[in-house]
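Enquirer: My questions concern the predicted model and sequence given below.
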Amino acid sequence: WQTYTMSNAPDEGAVLGDDSIRARTSDGQEVRLDCSVIFRVDIEQAVLIHTDWQNRYVEDFVRPVIRGVVRTLVSQFKVEEVNSSERRDLETALNNYLRTEFADKGLVLDQFLLRDITFSPEYAASIEQKQMALEGQLQRQYEAEQIRNLAIGRADAIEIEAQAQARALQLIAEALKEDPELITYQYVEKLAPNIKVMLVPSGSPLILPVPELEQSLAETGMMTSTVGPLRTPTPTIDIPPIPVPTIGADVVQ
């Protein structure tokens with residue numbers, strides 16, 4: 001088997017210097033292709049090849065046929081297709097086309113290898129800009145999604161808190177329904193710690209004494225069974241007795 005390579009590397013191909021194949025895509029973009037072909041002479045056609053080409057079949061047939069076929073088939077693809085997964089389709093088409101061309105001239109093609117594709121600097125710059133724009137768009141989408149998830153999390157937290165508060169109010173309402181005097185005790189517990197006694201007008205709801213007040217009244221002996229409105233005692237006046245005159249007694253002037 002023989003291998004013939006055309007490459008832009010100076011010392012890699014059969015020809016020194018840049019020997020890559022220049023071609024244009026269907027949308028006018030210039031590309032450079034590095035390729036190799038692996039082939040051999042068909043033994044049954046050896047006499048024919050020698051008659052037609054002698055030892056010049058590589059330079060006079062293999063090289064020009066490869067370059068011509070590559071340019072022809074590349075022109076049927078857009079640059080985006082060449083620079084995508086469809087590149088394999090191009091390579092397959094080149095293999096099939098060249099295999100037929102080689103067979104007609106007494107050569108057997110083993111494989112065509114599309115090694116590399118180089119794009120123009122302008123197209124490479126545009127691809128880089130598009131890639132940067134795409135990455136920026138993806139970054140903005142990611143940030144927006146993060147903000148959205150954070151907002152949803154906050155909304156869920158607010159909803160859970162509201163449900164908890166509603167449940168607490170429901171439990172309080174049920175407790176007050178079963179024991180209405182509970183609200184009086186809760187009110188007393190909320191009073192400032194320094195408040196010991198609360199005076200209320202007559203007829204107001206009963207205020208239960210807090211534990212500190214009970215202890216203070218017990219120590220002073222003033223603890224009573226109930227605590228009600230305070231009453232002001234009525235003052236008394238001592239009046240001396242008036243003597244009653246007796247009958248027949250002398251009246252002192």
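Expert: Structure's in. What do you need?

Enquirer: who's in contact with Arg115?
Expert: Thr5, Ser7, Asp34, Cys35, Ser36 (Cβ atoms under 8 Å, 6 or more residues apart in numbering). The C-beta positions use only the backbone N, C-alpha and C, and glycine is treated the same way.

Enquirer: Three-state assignment for it, please.
Expert: Under DSSP: H, G, I helix; E, B strand; the rest coil, the three-state class of Arg115 is strand.

Enquirer: cool, the one 10 residues further on as well?
Expert: Of the three states, Ala125 takes helix according to three-state DSSP.

Enquirer: And for it, the neighbour number?
Expert: By other Cβ atoms under 10 Å, 11 other residues sit near Ala125.

Enquirer: ditto for Glu86
Expert: Using other Cβ under 10 Å, Glu86 has 13 neighbouring residues.

Enquirer: what does Asp52 give?
Expert: 14.

Enquirer: Hmm, which of the contacts of Arg115 is lowest in pLDDT?
Expert: When these are compared on pLDDT, Ser7 comes out least confident, at 89.

Enquirer: right, and that one touches Asp19 too?
Expert: Yes - contact status for Ser7 versus Asp19: in contact at 6.1 Å, counting by Cβ atoms under 8 Å.

Enquirer: where do the contact lists of those two overlap?
Expert: Contacts common to Ser7 and Asp19, judged by Cβ under 8 Å, 6+ apart, are Gly13.

Enquirer: about what we covered before: looking at the contacts of Arg115, which are in helices?
Expert: Among the contacts of Arg115, DSSP state H puts none in helices.

Enquirer: Nearest to Phe77 among those residues?
Expert: Nearest to Phe77 among those, counting by Cβ to Cβ, is Cys35 at 15.0 Å.

Enquirer: shouldn't the closest one be in contact with Val69?
Expert: No - taking Cβ under 8 Å as the definition, Cys35 is not a contact partner of Val69, at 10.3 Å.

Enquirer: and these two? which has more neighbours close in?
Expert: Shown here are Cys35 and Val69; by other Cβ under 10 Å, Cys35 has more neighbours (23 against 18).

Enquirer: rewinding a little: more neighbours: which of Ser7 and Asp19?
Expert: Between Ser7 and Asp19, counted using other Cβ under 10 Å, Ser7 has the larger neighbour count: 22 against 18.

Enquirer: what's the more buried one in contact with, if anything?
Expert: Applying Cβ under 8 Å, 6+ apart, one finds that Ser7 lies in contact with Gly13, Asp19, Ser20, Asp34, Arg115, Asp116.

Enquirer: Please list all residues in contact with the second one.
Expert: Which is Asp19. Counting by Cβ under 8 Å, 6+ apart, Asp19 touches Met6, Ser7, Asn8, Gly13.

Enquirer: where along the stretch 1-150 of the chain do the strands fall?
Expert: Read by DSSP state E, counting those that start in this stretch, the stretch 1-150 of the chain holds these strands, from start to end of the chain: 2-6, 21-24, 30-41, 107-119.

Enquirer: got the ones you listed as a markdown table, with distance to Thr51 columns?
Expert: Shown next, in a markdown table, are the strands of the stretch 1-150 of the chain (distance: least, Cβ to Cβ, whole Å):
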| stretch | distance to Thr51 |
| --- | --- |
| strand 2-6 | 19 |
| strand 21-24 | 29 |
| strand 30-41 | 13 |
| strand 107-119 | 14 |
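
Enquirer: Any stretches of the stretch 151-253 of the chain with poor pLDDT?
Expert: 180-253 (pLDDT under 70).
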